[in-house]
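In: got a predicted model here, sequence first, then my questions.
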Amino acid sequence: MSSQLVMTILSGVEFAASAALAIAFWRKGLQHRFPAMGAYLLLRVISTPVFALLLLAQTGQLGVARPMMRLCAQVYFFGFWVVYVASATLLYFICVEIFRAALAWLPGLLKLGIVIFRWAAVVSLIVTFSSASFGHHGVILLLPDIGIGLMRSVGLLELCLLAFLCLSMNALRLSVRDLAFGFALGFGTMASNDFLFSLLTGRFSSLTTPLQFGYEGVILFSLGTWIVYCVAPEPARMPVVMPVNSTIYRWNEIASALGHTGTQVAVQQPANSFFLTDVENVVEKVLERNLRNRESES
């Protein structure tokens, strides 16, 4: 069996796993909790067979005319990178959704984290467009640079999110069976797979075919993990009870106070320490007088 045939079979299995995942996702009604994840799965399921047909057409395996083959090649190139950029954008919003689901009971830290996510998006856009090669002729040829830059930035965000959830699971009272952790685990695994594949293929070009098999195997593992999480019953979220002196509770209170002005008071520096002493004596005399009046009335 040739390696090309094996890759074709693995690609078919990947499409079938993506379709099964989308069906399980919609049957459980998770598109209401994770709308960006639903859009990502829908885009993945629709685009895969379309690109497969375009690839067969441009290679002449569907018996189309040569001008149509060139047109299919152009549509494939443009469509592939547009979907790639759209996928990177959806992955960013998926990370935000996972973060919201994990910190739903900590509104202060959640609000602060969303602000950090927005700044991360701004920095990613600046880095992506500043590193893009504008020497290309036409906007279409800029799409690969933009797509790769955005996907790398989102991949780093996915790994940071997974690391954060793994390190703070006990503090967040987050279960391993929780959907937020399952989705983060899958995306973190895929991001690590992308980084390792790009690193190893650049250094060991002779191992490209085995690395492709391993790359596809990790994708299938991530899809299988998501299917298990979508099919298995999710544990019910219980009310979180923690002591008032808990560290994460204090962090949440501090984060909630950030950005709120609250009640404003006027504070004036004392001009003389003796003035404060006089004021204290006057206050004490007034309190004593009021106390005597109450005792005499009683």
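Out: It's in.

In: grab the most central residue of this structure for me.
Out: residue 95 (1.2 Å; C-alpha atoms, centre = their mean).

In: how far away from the center of its chain is whichever strand or helix holds it?
Out: In the assignment (DSSP states H and E), residue 95 maps to helix 66-102. Chain-centre distance of helix 66-102: 17 Å, with C-alpha atoms, centre = their mean, to the nearest Å.

In: check which residues of it are buried.
Out: Residues 72, 76-77, 80-81, 83-102 are the ones in helix 66-102 that count as buried (16 or more other C-beta atoms under 10 Å). Every residue, glycine included, has its C-beta placed from N, CA and C.

In: downstream neighbour of that helix in the secondary structure list?
Out: As assigned by DSSP H and E, the chain's next helix or strand after helix 66-102 is helix 107-131.

In: report the buried residues of that following helix.
Out: 108, 109, 110, 112, 113, 117, 120, 121, 124, 128.

In: got it, and stretch 14-24?
Out: 14, 17, 18, 20, 21, 22, 24.

In: now that stretch: average pLDDT?
Out: Per-residue pLDDT over stretch 14-24 has a mean of 94.

In: likewise for stretch 74-90?
Out: 92.

In: give me the residues contacting it.
Out: Applying C-beta atoms under 8 Å, 6 or more residues apart in numbering, the contact partners of stretch 74-90 are 36, 39-40, 43-44, 47, 50-51, 54-55, 58, 140, 143-144, 146-147, 150-151, 153-154.

In: what are the boundaries of the helices in the stretch 101-250 of the chain?
Out: Remark: helices assigned in the stretch 101-250 of the chain by DSSP state H, counting those that start in this stretch are 107-131, 143-167, 169-172, 179-203, 208-231, 247-257.

In: let me have the buried residues of helix 107-131 in CSV, adding distance to residue 180 as columns.
Out: Shown next, in CSV, are those (distance: C-beta to C-beta, whole Å):
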residue, distance to residue 180
108, 18
109, 14
110, 12
112, 18
113, 13
117, 15
120, 18
121, 20
124, 22
128, 27
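
In: closest to residue 224 out of the residues you listed?
Out: Nearest to residue 224 among the buried residues of helix 107-131 is residue 117, at 28.2 Å by C-beta to C-beta.

In: contacting residues around stretch 25-36?
Out: Outside stretch 25-36, the residues that touch it by C-beta under 8 Å, 6+ apart are 37-38, 41, 90, 93-94, 96-98, 101, 179, 183, 230.

In: list the buried residues of the helix or strand where residue 50 lies.
Out: Assessed by DSSP H and E, residue 50 sits inside helix 35-58. The neighbour-count check on helix 35-58 (16+ other C-beta under 10 Å) flags 36-42, 44-45, 47-48, 54, 57-58 as buried.

In: low-confidence ranges, the stretch 1-150 of the chain, go.
Out: 1, 133-140 (pLDDT under 70).

In: could you redo the last one with a cut-off of 90?
Out: Residue ranges of the stretch 1-150 of the chain with pLDDT under 90: 1-12, 52-77, 102-113, 124, 127-147.

In: leaving out chain neighbours, which residue sits closest to residue 253?
Out: Spatially, and ignoring its direct neighbours in sequence, residue 253 is nearest to residue 108 (6.3 Å; C-beta to C-beta, 6 or more residues apart in numbering).

In: now the helix holding residue 95 and helix 107-131, what's the angle there?
Out: In terms of direction (axes from the mean of the first three to the mean of the last three C-alpha atoms, to 10 degrees), helix 66-102 departs from helix 107-131 by 150 degrees.

In: and residue 61, backbone torsions?
Out: Torsion angles at residue 61 (phi, psi; degrees, to the nearest 10) stand at phi -80, psi -10.

In: that should have said residue 28, apologies.
Out: Main-chain dihedrals, residue 28, degrees, to the nearest 10: phi -80, psi -10.

In: how far away is it from residue 22?
Out: 11 Å (C-beta to C-beta, to the nearest Å).
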